[in-house]
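Asker: Dropping the sequence and predicted coords here.
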Amino acid sequence: MSQRDSIIRNLDWPLVVMYLLLMAMGWANIYSAAYDPDHANLFDRAREYGAQSVWIVVSLLIGAGMLLVRGEFIRNLAYPTYLVVLFLLVLVLLIGREVNGAKAWFGVGGFGIQPAEFSKFATALALSKYLSGLKTLKETRARVVSAILILLPVGLIMLQPDTGTALVSGAFVLVLYREGLSGNILLIAIMAAILVVLSLIMKESIYTLPFTDIQFHGQYFLIGMLAVFTLLGFLFVNKFVFKHRRKRIYAYLLIGLLGSSAFIASVDQLIDHMPAHQQTRIRVLLGLEHDPRGYGYNVEQSKTAIGSGGFTGKGFLKGTFTKYKYVPMQSTDFIFCTVGEEWGFLGSTAVVLLFGGLILRCIQISDRQRSRFTRIYAYCVASIFFLHLMINVGMAIGLAPVIGIPLPFFSYGGSSLIGFTVLLAILVRLDAERLEHLR
Amino acid sequence: MNFNDRKYVLIAAVVFICAVFIMRLFWIQVVDQGWAARAADISERKITVYPSRGLILDRHGELLVANTPVYDIMVVPREVKNLDTLGLSELLHVPMDQVRERLRKARDYSVWKPSEFEKQVTAEQYAAISVHLYKYPGFYAQSRTLRTYPPHVGAHMLGYISEVGARKVEQDPYYKPGDVIGVGGLESYYETALRGKRGVKYVVVDVHNNVQGPFQEGRYDTLAHAGKNLYTSIDLKMQELGERLMRNKKGSIVALDPRTGEVLALVSSPTYDPELLVGRVRNTNYRVLQQDPLTPLFDRALQAQYPPGSIFKLAQAAIALQEGVITLNTSFACNKALVGCHNHPTAANVEQAVQFSCNPYFYQVFKREIEQGASKNRFEDAALGLAKWKVAMESFGLGHQPRLDLPSVKGGSIPGVAFYNRIYGEKAWSFSTIYSLSIGQGEVLVSPVQMANLAAIFANRGYYYDPHLVRAIGHPDSLNTQVQRHHTLVDDQWFPPLVEGMRRVVNEPGGTARAARIPGITVCGKTGTAENPHGKDHAVFVAFAPMEDPKVAIAVYVENSGFGGTWAAPIASLCMEQYLTDTITRPELMQRMLDANLIAEEKNYVKPAKRRRP
Ligand SMILES: [Zn+2]
């Protein structure tokens, strides 16, 4: 039996089928979103669906090509790939084309390439390679190197700036957790998120110190509250905890208080230095700002489009609300609106379930690997898809902030399509080789 | 160390997020209908297609009422960007505070849907505005039509159009707030024909408010049907002349074609330019007209009711002849002790009685009509006589509403037995109580339309057609079939002698209306004077011409003008000449009529001692 036959036989067909299904649905939705009866040619490059058709063919060719590359070769190329992508990210800052205020594009003929989309699989490969060579993540050195691997591309992408794509790297925190990073870090991250939200909400109001005329912003009030709770903690510990354990708890409380205060202060600074539209987005999400024509407007329009789909949807090409451009960025960031409007609750649920299935399948694949590299890589893939699903669909239905990241296989754009295809294709190839290690 | 269990955290997170998303989708797509409603509200528009309102033409096809385009400046608040309030204020001549106020109102109504910002900008004004409108995103013009009155005549009979009232909207499901409806005149009477049928188009618009196409392939659309034209019998030239002649006078002119009952002219004075009640200026002007002490809004031709005076004698004589209480050669002395009269030779027959308009003569005629000896009791006798008389009199189109195709037509009054019983009690009145009726005074009331109709009856020698303005609706040949011929209760044979009397009134020495003569045409007429307790007497003149083949019958009523021959007869003469010959051969007479300002005179007038005039 030739090696190629065994590869095809060992391909994870459920994953491949889900991939093809999602891509087909994605194409249909872009076709519908950009449909113009005067230009019905599927490959008309002047239309978004025409260009997307070309990208799909390109992606399928690249994906198929990836399946032919031996896993060992992939593993060996992990770091070089990572370095090439880093180089591209630097290069794009120097010679890239500026679109919508972000230097994120290489112009290649009529097509544009976004190297940031490739950083996802590149980082996944590099991180898998590094983590698979480690015994434990407890060493500081290991943590620092992992952090650098993740944060280098993030930093470069932030410089473009493309906050959305940079945020997706949060997915790798889940990978690190899976590979043994202390759960406390996740817990601290969640606590930090709560603190961010609280301080943002309280920042809006001004408090007056009782019995005085001294006024101060809410975030200082928050710090004051934390101090009071810490003090209460001290008293509680002093009364109810055995003496020999008190010292440690005092230390934790103190570190917690100082850490939180410093964190709140730095969030405050960070927010103040953010671009105005980012600030507004965050504030709108927290319900601090109601501006139907501002950033909340996008979400309002998106929810309207999805809501108007009803249970069964308006039908293919009949989504008038999205078709007549009521939803901004509807073929890219808000492509889920077309799904919601034309296919209704049934269709959008199917898409959510399909993505859920894809992610769970990746976790399952991860679980059956003997190769540590493949296992970690599979987990990276699952986490990346999870973050995209959570943020993109979440924002379309008003549950997540408006962060410009694509919905895999649905959003218009060649780079993300190729990026996600390569991401999956590598996993499928590596998975197909899992039995070879038994030899 | 093995961290395999940690994968369940991710699995749980994925399942949790998917579940939350699906619940959220279920909520906004299935449970909460508000989003779907919002989408429809934003992207679907119901466009009312207003049919053009029917035109109104005169008997020769001249336009009396036409349509003219105007522009409403609309605003879609959502699209308003960087508004230069001052610039807009100057461009549209709208005060700054109004600009803000209207914008706020529009926003309150809907940020997505267009609201009217400034209504009815004329085509000339719009030409100046349109070139600058692009500087104000969110504002655009929408054209529609207003009524226009090219000859500026016929305000009363034409009526006007106005925004439909809230009560009408409630009563009639056809009307929606903001629709227009005819008020008064033909606009009101023929509202259904004129308005046509509104169409509705449902369209889908894109985010820039551009129409992208029909909603669901136009499944719910309905077609608009244009309003039908009204082909009236009005003769524009006579109408124009009549309005000019009646300027500075109070009163009315009604001209009919006796052969058909068609109204040729319908003048009420003082009148107003119908353009005053068009568009934005309507409300202001309406108030001014309403407060005018000369009551220009009052349609005297249809709604004024006067004692007819001596013209009533025509009907009296006809009925008396029919009932046989007099013969053609009956003569009565002019006994001024019975009732006042002027100096004239004794009327040897009924023709001369008409010619001289002898009051005592008709006192005797009426006495014989009332006291026919049917009962020995003179009270009962009077009641029996009056009842019979009333029926005969009503056959002349008096005492009941004419079937004219205009709203609010008054029917006048022919008092009967019940009427006097109510006033004096049963068997408490006799001829001596009601003798004023003999010469058209007292309780009898006749409208100018009925007076003209009386002239038409004598022109026709005994019958009349329902007077009407509209000959055809929609197509000039679709003739009005509602019109009926009514014969009086007086036989045809009794009319020619009376017509001869009418001829003498105009043409013989001693006639009271020699000013009504038209060169080359034999005019028959009768003057009348109605007592006016508030000032100078009202004058009336009824006539028809030519005598042999009558083509026009006319009634001219001039309030406070004294004697019927002075003003009413020449005005009637000029109008008939215009209609019959399309020329005016007596410019100096016409000038004298035009120059007369009886309204100004009236103010200086002190009522003289009471006396009767023919
Ligand atoms: Zn006399």
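Answerer: Cool, got the structure.
Asker: near chain A, anything from the longest helix seen in chain B?
Answerer: Counting residues, the longest helix found in chain B (DSSP state H) is helix B:7-26. Yes: Helix B:7-26 reaches chain A (C-beta under 8 Å from any C-beta of the partner chain) through B:7, B:9-11, B:13-15, B:17-18, B:20-22, B:24-26. (Glycine included, C-beta is placed from N, CA and C.)
Asker: Helix, strand or coil: sort out the closest residue to residue B:114 other than its chain neighbours for me.
Answerer: Excluding the flanking residues, the one nearest residue B:114 by C-beta to C-beta, 6 or more residues apart in numbering or on different chains is residue B:74, at 4.2 Å. With DSSP: H, G, I helix; E, B strand; the rest coil as the basis, the three-state label of residue B:74 is strand.
Asker: measure residue B:74 to the ion for me?
Answerer: The gap separating residue B:74 from the ion is 72 Å, by C-beta to the ion, to the nearest Å.
Asker: Tell me the bridge partners for that residue.
Answerer: Beta-bridge pairing for residue B:74 (DSSP bridges): residue B:116, residue B:140.
Asker: And for it, the neighbour number?
Answerer: Residue B:74 sits with 19 neighbouring residues when counted by other C-beta atoms under 10 Å in any protein chain shown.
Asker: again, but for the one 3 residues further on
Answerer: Neighbours of residue B:77 under the rule other C-beta under 10 Å: 20.
Asker: Is it in contact with residue B:138, as I believe?
Answerer: Yes: counting by C-beta atoms under 8 Å, residue B:77 touches residue B:138, with 6.7 Å between them.
Asker: Common neighbours of those two, please.
Answerer: Counting by C-beta atoms under 8 Å, 6 or more residues apart in numbering or on different chains, no residue touches both residue B:77 and residue B:138.
Asker: name the element residue 231 belongs to?
Answerer: If you meant another chain, say so; for now it's chain A. Mapping residue A:231 onto the secondary structure by DSSP states H and E places it in helix A:218-240.
Asker: think we crossed wires, I meant chain B
Answerer: strand B:230-232.
Asker: Who does that strand pair with, and is each partner parallel or antiparallel?
Answerer: Partner strands and pairing direction for strand B:230-232 (DSSP bridges) are strand B:56-57 (parallel), strand B:470-473 (antiparallel).
Asker: who are the neighbours in contact with the closest residue to residue A:81 other than its chain neighbours?
Answerer: Excluding its sequence neighbours, the residue lying closest to residue A:81 (C-beta to C-beta, 6+ apart) is residue A:122, at 5.1 Å. Residues counted as contacts of residue A:122 (C-beta under 8 Å, 6+ apart) are A:81-82, A:84-86, A:153.
Asker: Whichever residue of the stretch 301-439 of chain A sits closest to chain B and the ion: what is the separation?
Answerer: At 2.3 Å from chain B, residue A:307 is the closest residue in the stretch 301-439 of chain A, using C-beta to the nearest C-beta. Here residue A:307 is placed at a distance of 93 Å from the ion (C-beta to the ion).
Asker: What are the boundaries of the strands in the stretch 351-500 of chain B?
Answerer: Ranges of strands in the stretch 351-500 of chain B, per DSSP state E, counting those that start in this stretch, are B:463-465, B:470-473, B:485-487.
Asker: Can you tell me the element the residue nearest to the residue of the stretch 301-439 of chain A closest to chain B when sequence neighbours are not counted falls in?
Answerer: Counting by C-beta to C-beta, 6+ apart, the nearest residue to residue A:307 once its immediate chain neighbours are dropped is residue B:35, at 2.3 Å. Assigned by DSSP H and E, residue B:35 belongs to helix B:34-43.
Asker: Check which residues of that helix are buried.
Answerer: B:35-36, B:38-40, B:42-43 (16 or more other C-beta atoms under 10 Å in any protein chain shown).
Asker: And for stretch B:305-324?
Answerer: Within stretch B:305-324, the residues scored as buried using 16+ other C-beta under 10 Å are B:305-323.
Asker: per the record, what domains does the chain have?
Answerer: Since you didn't name a chain, this refers to chain A. Domain assignment of chain A by automatic domain parsing yields the ranges A:3-193+A:288-436, A:205-281.
Asker: The intended chain is chain B.
Answerer: Domain ranges of chain B: B:3-41, B:45-232, B:236-290+B:299-603, per automatic domain parsing.
Asker: got those domains as TSV, with mean pLDDT columns?
Answerer: Listed next are the domains of chain B as TSV, based on pLDDT from 0 to 100:
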stretch	mean pLDDT
domain B:3-41	87
domain B:45-232	86
domain B:236-290+B:299-603	91
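Asker: which one of the ones you listed is the most hemmed in?
Answerer: domain B:236-290+B:299-603 (a mean of 21; mean count of other C-beta atoms under 10 Å in any protein chain shown).
Asker: Setting the sequence-adjacent residues aside, check what's closest to the most centrally placed residue in chain A.
Answerer: Most central residue of chain A, judged by C-alpha distance to the mean C-alpha position with C-alpha atoms, centre = their mean, is residue A:168 at 2.9 Å. In space, and not counting its chain neighbours, residue A:168 is closest to residue A:387: 5.2 Å by C-beta to C-beta, 6+ apart.
Asker: closest point of the stretch 351-500 of chain B to the ion, which residue?
Answerer: Residue nearest to the ion within the stretch 351-500 of chain B: residue B:358 (3.2 Å; C-beta to the ion).
Asker: Next one: residue A:426 from residue B:204, what distance?
Answerer: Between residue A:426 and residue B:204 the distance is 45 Å, computed by C-beta to C-beta, to the nearest Å.
Asker: Would you map the strands across the stretch 201-350 of chain A?
Answerer: Using DSSP E, counting those that start in this stretch, strands in the stretch 201-350 of chain A cover A:206-208, A:215-217.
Asker: rank those by pLDDT, which is bottom?
Answerer: Lowest mean pLDDT within the strands of the stretch 201-350 of chain A: strand A:206-208, a mean of 67.
Asker: what stretches of chain A score poorly on pLDDT?
Answerer: A:1-5, A:36-46, A:100-101, A:108-111, A:186, A:197, A:200-211, A:277-278, A:280-296, A:437-439 (pLDDT under 70).
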